[in-house]
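**Student:** Would you be able to build a 3D model of this:
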Amino acid sequence: MNGMAAPQLLDLGPYTPPRPRTRSAVVALLRAALRGDGDLLALLPTDAYQVQIGPLGYSRRSILLVNQPDQVRRVLSDPEGIFPKSDLMVDALAPLIGDSIFVSSGATWQRQRNMIDPALTLMRVNRAFPAMQAGAAECENTLDARVADGAAFSLDLTMSHLTADIICRTVFSTPLATGTAHAVFDAFTAFERSVAQVEILRLITSPAWSKTPQRPHVLEACRTIRQHMGELLDTHTGPDNARFDDIASAVIAARDDIGRKAFSREELIDQLGVMFLAGHETSASALTWVFFILAVQPAWVARLRAEVAAVVGDGEIGFEHTKQLVTVRNIFRETLRLYPPITFLPRVATEATTIGKHRVKRGALIMVAPWVIHRHAAYWRDPHVFDPNRFLPEREAEMTAGAYIPFGLGPRVCAGAAFALTEAILLIARLFRRYDFHVEHPELVRPAARLTTRPTEQVMLRVTRAKA
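**Tutor:** This next block holds a predicted model:
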């Protein structure tokens, strides 16, 4: 602390950010199928936010929604080895990230995890923090230009470029070129909006393990992203590769425990592609919602700035400060509750079993939905209201164990959770200390869930210097 008094609590009235209107199961199903936009949030009926465990809609393959925290832990931890990632997700992501650690299971997953674990230690937040600071500084240069010209710009693209730049600096020791960032953003947007995992009619009518062909433009988007990942990888495989000491070089050097085999080039693109896309797309999704909410909630911005002034003063925000910015941290945690980047964590039952009192047939889709659990009436007071104070220590008694899972849980819990939290605290504190953001037509912003939780259309905003 720099000796300044702690900020006083402001009178912050309740605010409910955008969410889908809920409907009966039949109406939700018909609406989602007829719209055909792949938005899985539209498939959720009103009672999804109230049941502990129950069927989700009507389909040829049964879909069981699991909200009960103990059973959620059982499914995601999977001690019996019968709930791998769903075939829908695996088939959808295979053209993009192959049989990588994000979608593989069993012995393949274990081999990959053993090989990659040493590289993940290089993602320690204190080591990665300079990359976060460098990315923030580059973003400030871009925002300064937008202040000068007054032009509207895409919040979604800005956050994607920022987090992609940071993860590129972390994984590959190099900033991400603007052209590459735009190409990856456009390609991933095309992929996410059209990938067949989220074709709701197929979800309803197809039996388990049915292969779903991907559309040509989806495959082209995958090729574009993989081409750029390959270009970044190739910077580490030439005669100067010994000068690198980063995540990419550690994954290239990894060998398995059986035949001391390395990853092939395609496997390297798979694994590094997961780190790159998961490391920036999920953070970009969450930060898009943080910046939108704060842009329309100036009272929270004032409280945030008061905290930064009290903790940091006028100096640079350092790694040690990120642990002290409690309000900023809780704003991010609450945004993750309301808009978890990975909206659904689908699993498939590879054998008949029971979950709670429900019989589960082989091939059934087991749907664990952070979006639903985080807004469940049994676990949260005012579940749809934006209330960062719910994460204060004095309100810990309100929390239901296992009802907050933005990073998953079990052996497949997100390895980058600490990285994402520190990155977000730095970016929120640094950029809101410097700028005011003004959303154009905030009343039109609406969330959709495909592969991540994003606004249905890009959020356009303008930026000005923060008022003193």
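**Student:** hmm, who's touching stretch 384-403?
**Tutor:** 14-17, 19, 69-70, 72-73, 293, 297, 300, 326-327, 329-331, 333-335, 338, 373-376, 378-381, 409 (C-beta atoms under 8 Å, 6 or more residues apart in numbering). For every residue, glycine as well, the C-beta is placed using N, CA and C.
**Student:** ok, now stretch 236-251?
**Tutor:** So stretch 236-251 is contacted by 115-116, 118-120, 122-123, 170-173, 232-233, 252, 263, 268, 271-272, 275 (C-beta under 8 Å, 6+ apart).
**Student:** Let's see that with 10 Å instead.
**Tutor:** Residues from elsewhere that reach stretch 236-251, judged by C-beta atoms under 10 Å, 6 or more residues apart in numbering: 115-123, 127-128, 131, 167-174, 232-235, 252-253, 262-263, 265, 267-268, 271-272, 275-276, 279.
**Student:** buried subset of the residues you listed?
**Tutor:** Among the contacts of stretch 236-251, those buried by neighbour count (16 or more other C-beta atoms under 10 Å) are 115-116, 119-120, 122-123, 128, 131, 167-173, 232-233, 252, 263, 267-268, 271-272, 275-276, 279.
**Student:** what's the closest non-adjacent residue to Glu140?
**Tutor:** In this structure, Glu140 finds its nearest non-sequential neighbour in Arg434, 6.6 Å apart by C-beta to C-beta, 6 or more residues apart in numbering.
**Student:** can you tell me how far the residue nearest to the spatial centre of the chain sits from Leu162?
**Tutor:** Most central in the chain under C-alpha atoms, centre = their mean is Thr282, positioned 2.4 Å from the mean C-alpha point. Here Thr282 is placed at a distance of 13 Å from Leu162 (C-beta to C-beta, to the nearest Å).
**Student:** Am I right that the residue nearest to the centre of the chain is in contact with Gly416?
**Tutor:** Yes: if you go by C-beta atoms under 10 Å, Thr282 and Gly416 touch, sitting 8.3 Å apart.
**Student:** Between these two, which contacts overlap?
**Tutor:** With C-beta under 10 Å, 6+ apart, Thr282 and Gly416 have common neighbours Phe407.
**Student:** Can you give the distance from stretch 272-288 to the centre of its chain?
**Tutor:** Per C-alpha atoms, centre = their mean, to the nearest Å, the displacement of stretch 272-288 from the mean C-alpha position of its chain is 6 Å.
**Student:** any chance you could map the strands in the stretch 101-250 of the chain?
**Tutor:** 153-154 (DSSP state E, counting those that start in this stretch).
**Student:** try the stretch 251-400 of the chain
**Tutor:** Under DSSP E, counting those that start in this stretch, the stretch 251-400 of the chain gives strands at 345-348, 353-355, 358-360, 365-368.
**Student:** Out of those, the one nearest Ala48 is which?
**Tutor:** For the strands of the stretch 251-400 of the chain, the distance to Ala48 is smallest for strand 365-368, at 9.3 Å, taking C-beta to C-beta.
**Student:** give the contact list for the residue nearest to Leu40 when sequence neighbours are not counted.
**Tutor:** Leaving aside its sequence neighbours, Leu40 sits nearest to Ala449 (C-beta to C-beta, 6+ apart; 4.6 Å). By C-beta under 10 Å, 6+ apart, the contact set of Ala449 is 20, 38-44, 198, 339-344, 369, 371.
**Student:** swap in Asp99?
**Tutor:** Residues near Asp99 by C-beta under 10 Å, 6+ apart: Val90, Leu93, Ser105, Thr108, Trp109, Gln112, Glu267, Asp270.
**Student:** now swap in Gly81 and tell me
**Tutor:** Gly81 touches Ser105, Gly106, Thr350, Glu351, counting by C-beta under 10 Å, 6+ apart.
**Student:** Of these, which belong to helices?
**Tutor:** Gly106 (DSSP state H).
**Student:** Helices along the stretch 1-150 of the chain, start to end?
**Tutor:** Along the stretch 1-150 of the chain, the segments classed as helices by DSSP state H, counting those that start in this stretch run 25-35, 69-77, 87-97, 106-120, 125-149.
**Student:** Just checking, which helix or strand of the protein averages the lowest pLDDT?
**Tutor:** helix 25-35 (a mean of 59; mean pLDDT, DSSP states H and E).
**Student:** For Trp371, which non-adjacent residue is spatially closest?
**Tutor:** Spatial nearest neighbour of Trp371, excluding adjacent residues (C-beta to C-beta, 6+ apart): Thr343 at 4.5 Å.
**Student:** Identify each buried residue in stretch 408-428, please.
**Tutor:** For stretch 408-428, the neighbour count (16+ other C-beta under 10 Å) marks 408-409, 412, 414-416, 419-428 as buried.
**Student:** Also stretch 40-50?
**Tutor:** Those would be Leu40, Leu41, Ala42, Leu43, Leu44, Pro45, Ala48, Tyr49, for stretch 40-50 by 16+ other C-beta under 10 Å.
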